[in-house]
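>>> Model the following, please.
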Amino acid sequence: MNSNQRITEVAAGVLLRNDGYFLLAQRPAGKVYAGCWEFPGGKLEQGESVEATLARELNEELGVTVHTCRRWKTLDYTYPHARVRLFFCRVTVWRGAPIGREGQAFVWQRLPVEVTPLLPATQVALGWFQREPITA
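Got it, this is the predicted structure:
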């Protein structure tokens, strides 16, 4: 892979319930890493903020309306097919119950997570949870 390859910026939402559970979504068939579990979100569009991207993506993918989110951590990760910069945001207030609008599965989890396989960058983020309290 070329180290000069363009970085794709992605907003990832860590939806946190008051009981400490967080939401993971499964990548649908036909996408790279299909079947892997990840924090939901998507690519930033030209001129779009991280927060606006996350609100748009979570509505498109899960049918929820984001009310309160804050940037948490940023991770640069190189996959064999792409370089990504992931902006993880803690989403603590939203309206609507998540539904898989794109046919994807989703599940509420706590540590240690019970679903596999995990997207590699998601494994990094879950490692952060082990060092920091997970609170809404």
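>>> Below-threshold pLDDT in this structure: ranges please.
1-3, 133-136 (pLDDT under 70).
>>> contacting residues around the residue nearest the centre of the chain?
The residue lying closest to the centre of the chain (CA atoms, centre = their mean) is Phe39, at 2.5 Å. By CB atoms under 8 Å, 6 or more residues apart in numbering, the residues touching Phe39 are Ala12, Gly13, Val14, Phe22, Leu23, Leu24, Ala25, Phe88, Thr122, Ala125. To be clear about C-beta, it is placed using only N, CA and C from the backbone, and glycine gets the same treatment.
>>> Could you do Ala25 as well?
Taking CB under 8 Å, 6+ apart as the criterion, Ala25 is in contact with Trp37, Glu38, Phe39, Pro40, Glu61, Leu62, Gly100, Gln104, Ala105, Phe106.
>>> residue ranges of the helices in the chain, please?
Taking DSSP state H to define them, one finds helices in the chain at 50-62, 120-131.
>>> who are the neighbours of the longest one, in terms of helices and strands?
Helix 50-62 sits against strand 7-15, strand 22-26, strand 41-43, strand 65-78, strand 83-95, with contacts defined as 3 or more CB pairs under 8 Å, 6 or more residues apart in numbering; DSSP states H and E.
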